[in-house]
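Novice: this is the structure alone, sequence omitted:
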């Protein structure tokens, strides 16, 4: 059973590419001897995570407590929930820890720290908490020099919780596309997070873990001094955004969407396919990058990149394939109705989320179904 | 059990607003006496579709054969699959018809028409086929004056199939925002589709059904002469894109995402919420409209619109709430951690698709869970 028998649209994983992506990142981080903790929000798929752990990953990162519950049920104990904890979710976190999950939670403010400590004492549970550090003004976190850092650490420790470490994510690394800029943001992520750890330790607070990471910075850091673990998610699939950032070749992108040509508008040079935004996601991450791939880059069914054809527009279940720059007057002959194409996505996390399962294609062309979950 | 007990993020339907949206469209189309066939791709939810049918809808429109299968299993017989048929899907369509589903399929080219006729004859099945008409150069379809229209009709009829009618969708109607422009595009959709039907009839080909529609044109048409049925999808929920188009008030938007404040960046005027693009979708449909709402417009938990607060940026599970124009220095006081907000979405079809279920909130505040499906 090869991909010829699959209905379209379908999310394909090139299992060989995925394996090489996993090995590349693992080897890259084994060298400096830091722990690697992949972010599983990219795939929410047990088969993928099993492969990451088999290759040497130690623990996982999750973006929802549902991910924690699902992967803990699948046998993963060491989990960090990397979204700021709120009081309403503490009961769910407690239940996981009571079942034996080594769940770490995150805080970046006094309100949350106090709530965690109060709830933990009330329940007789020493939650392990990591403090989120803001290294690039991108999203959440406490700035390394902010007095609040020590206050939050103290509330946790004085409240009887385990202060496990600091955690940062240089989300702005996606905005760069030169080696020089990536090295610089990676060093900024590292040095600011290490600085936060040093300040906590100088205040006689414990800080064993220094956790940083994003796919671009993980692959660009020239030193990881002071860092104990790295996190990254999208590296396992890669995508067009990462290609534009400069951290992968097109031939390393492991996720694609299989689609079928269903019609044409010949005078416009359009082929219509059955992969619209429902199959590709609405992610337009390459829109502001050097090369805008629309809703995806068109490849042949066998993965060969076909030059300049992209999904230039998308409705719910219709995609429009056209050639960049000069319309292709022969598009109906080039891609007759029934032609099957593979579309490389802008953003593997967003595209995967649209599909109930992946179809993993082995080097021998065989196909396995790998379910993934969604929701909260 | 009210919404106070729901985990966030969660997709909420205001059941009263939904009911009024359904009644408004049904009454609007009952007046001229045309049949109304809602597009169920917006919600993929049996509870919503049951309400549409109870109010008077006759049959449904679907964007995938999975939708056809699911709603046929739920008791709906009269279904049009409004995406161009391809040979590979004919077996699935046949199976539905053999089970008693009155499934209509669509073609806009000779290749598909011949394949349908050949397969139908082979299987002893008279498929009912509607020809898709291009009324605005937006996507698929045959132009009304194109000689191909008659050729496709003849291939179907000579091949023993039922030529059921013509179908068009003025997708470009989403691009307008004045009453005058909407009336004009609605009339263009109507007149061109009717013209295609007249050409078929003049060629002695049958064309009983003249099916048109989109939410903006359905609500803007000044005459429906020659039209036998209207289709529309998003009207059942409405959204910010439709508000910008000018066909609904903010207070008519029935879908929202319930979210919780999880942190702040006070000096930037940001509140961080737990609804990112996974909960809102990546749809940025208001980006090129007169009023850009980012990833959504912020309301209080009780639905009150809070002025100028939008979700200005989104990561997978983080949204950034900020005030348009002038940052709010008091945002941490205004929206303390734990505050629950309702976010109105850009695009109800895209946002709904991110959620395994809706939580329908009745006028009395009670909440029901309405599952929805996804995938192909």
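Specialist: Yes, it's here. Since this is a predicted model, take the numbers as computed values, not measurements. Numbers count the residues shown, from 1 in each chain, chains lettered A, B, ... in the order given.
Novice: low-confidence stretches in chain A?
Specialist: Within chain A, not a single segment meets pLDDT under 70.
Novice: now the helices: where do they sit in it?
Specialist: Applying DSSP state H to chain A gives helices spanning A:15-30, A:46-54, A:65-73, A:90-98, A:110-123, A:147-158, A:179-202, A:215-220, A:240-245, A:277-280, A:331-334, A:348-352.
Novice: out of these, which gets nearest to residue B:51?
Specialist: Closest of the helices of chain A to residue B:51 is helix A:277-280, at 23.0 Å (criterion: Cβ to Cβ). In this view, the C-beta of every residue, glycine as well, is placed from N, C-alpha and C.
Novice: ok, residues contacting that closest one?
Specialist: For helix A:277-280, the external contacting residues (Cβ atoms under 8 Å, 6 or more residues apart in numbering or on different chains) are A:9, A:11, A:257, A:259, A:295-296, A:311, A:314-317, A:319, A:343, A:345-346, A:351, A:354-355, B:63, B:283, B:350, B:353, B:376.
Novice: go through these and flag which are in strands.
Specialist: A:11, A:257, A:259, A:311, A:314, A:319, A:343 (DSSP state E).
Novice: how far away is residue A:366 from residue A:300?
Specialist: The gap separating residue A:366 from residue A:300 is 19 Å, by Cβ to Cβ, to the nearest Å.
Novice: got it, and residue A:173?
Specialist: The gap separating residue A:173 from residue A:300 is 32 Å, by Cβ to Cβ.
Novice: rewinding a little: got JSON lines for the helices of chain A, with distance to residue B:277 and mean neighbour count too?
Specialist: Below are the helices of chain A laid out as JSON lines (distance: least, Cβ to Cβ, whole Å; neighbours: other Cβ atoms under 10 Å in any protein chain shown):
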{"stretch": "helix A:15-30", "distance to residue B:277": "23", "mean neighbour count": "18"}
{"stretch": "helix A:46-54", "distance to residue B:277": "21", "mean neighbour count": "19"}
{"stretch": "helix A:65-73", "distance to residue B:277": "16", "mean neighbour count": "20"}
{"stretch": "helix A:90-98", "distance to residue B:277": "23", "mean neighbour count": "16"}
{"stretch": "helix A:110-123", "distance to residue B:277": "23", "mean neighbour count": "19"}
{"stretch": "helix A:147-158", "distance to residue B:277": "28", "mean neighbour count": "19"}
{"stretch": "helix A:179-202", "distance to residue B:277": "22", "mean neighbour count": "19"}
{"stretch": "helix A:215-220", "distance to residue B:277": "17", "mean neighbour count": "27"}
{"stretch": "helix A:240-245", "distance to residue B:277": "13", "mean neighbour count": "24"}
{"stretch": "helix A:277-280", "distance to residue B:277": "13", "mean neighbour count": "28"}
{"stretch": "helix A:331-334", "distance to residue B:277": "32", "mean neighbour count": "17"}
{"stretch": "helix A:348-352", "distance to residue B:277": "7", "mean neighbour count": "27"}
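Novice: save those as a markdown table, and put in distance to residue B:248 too.
Specialist: Below are the helices of chain A laid out as a markdown table (distance: least, Cβ to Cβ, whole Å):
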| stretch | distance to residue B:248 |
| --- | --- |
| helix A:15-30 | 44 |
| helix A:46-54 | 41 |
| helix A:65-73 | 33 |
| helix A:90-98 | 37 |
| helix A:110-123 | 37 |
| helix A:147-158 | 43 |
| helix A:179-202 | 43 |
| helix A:215-220 | 40 |
| helix A:240-245 | 34 |
| helix A:277-280 | 22 |
| helix A:331-334 | 38 |
| helix A:348-352 | 27 |
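Novice: rewinding a little: PyMOL command to pick out the buried ones of the contacts of helix A:277-280?
Specialist: Command for PyMOL that selects the buried part of the contacts of helix A:277-280, burial taken from 16 or more other Cβ atoms under 10 Å in any protein chain shown:
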select buried, (chain A and resi 9+11+257+259+295+296+311+314+315+316+317+319+343+345+346+351+354+355) or (chain B and resi 63+283+350+353+376)
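Novice: sorry, back to before: show me which of residue A:173 and residue A:300 is the more surrounded one.
Specialist: Neighbour comparison, residue A:173 and residue A:300: the larger count goes to residue A:173, with 27 against 13 (by other Cβ atoms under 10 Å in any protein chain shown).
Novice: with adjacent residues omitted, what lies nearest to the residue in the stretch 101-250 of chain A that chain B sits nearest to?
Specialist: When scored by Cβ to the nearest Cβ, the stretch 101-250 of chain A has residue A:111 as its residue closest to chain B, at 4.5 Å. Nearest non-adjacent residue to residue A:111, counting by Cβ to Cβ, 6 or more residues apart in numbering or on different chains: residue B:337, 4.5 Å away.
Novice: now do that neighbour against residue B:175, distance only.
Specialist: With Cβ to Cβ as the criterion, residue B:337 and residue B:175 are 40 Å apart.
Novice: same check on residue A:339?
Specialist: Taking Cβ to Cβ, one finds residue A:339 at 30 Å from residue B:175.
Novice: the more surrounded of these two?
Specialist: The neighbour comparison of residue A:339 against residue B:175 (other Cβ under 10 Å) goes to residue A:339, with 17 against 14.
Novice: closest one of the ones in strands among the contacts of helix A:277-280 to residue B:74?
Specialist: residue A:11 (26.4 Å).
Novice: so what's that closest one bridging to?
Specialist: Here residue A:11 sits in beta bridges with residue A:257, residue A:358, going by DSSP bridges.
Novice: need the contact list for it.
Specialist: Going by Cβ under 8 Å, 6+ apart, residue A:11 touches A:255, A:256, A:257, A:258, A:279, A:351, A:352, A:354, A:355, A:357, A:358, A:359.
Novice: just give me the neighbour total for residue A:249.
Specialist: 9.
Novice: swap in residue A:307?
Specialist: The number of residues packed near residue A:307 is 12, by other Cβ under 10 Å.
Novice: ok, and the closest non-adjacent residue to it?
Specialist: residue A:323 (7.7 Å).
Novice: the spatially most central residue of chain A and residue B:157, how far apart?
Specialist: For chain A, residue A:233 is the residue whose C-alpha lies nearest the centre (Cα atoms, centre = their mean; 3.2 Å). Plainly put, residue A:233 is 55 Å away from residue B:157 if you go by Cβ to Cβ.
Novice: list, one by one, the residues from the stretch 101-250 of chain A near chain B.
Specialist: When proximity is defined as Cβ under 8 Å from any Cβ of the partner chain, the stretch 101-250 of chain A approaches chain B at A:108, A:109, A:111, A:112, A:134, A:137, A:139, A:140, A:171.
Novice: state the pair within the residues you listed that is farthest apart.
Specialist: Maximum pairwise distance in those, criterion Cβ to Cβ, is 22.8 Å, between A:111 and A:171.
Novice: the closest residue in space to residue A:115 that isn't next to it in sequence: what's it in contact with?
Specialist: Excluding the flanking residues, the one nearest residue A:115 by Cβ to Cβ, 6+ apart is residue A:87, at 4.2 Å. Under the criterion of Cβ under 8 Å, 6+ apart, the neighbours of residue A:87 are A:112, A:115, A:119, B:337, B:338.
Novice: and the first one, what does it touch?
Specialist: I take that to be residue A:112. A:84, A:85, A:86, A:87, B:262, B:263, B:337.
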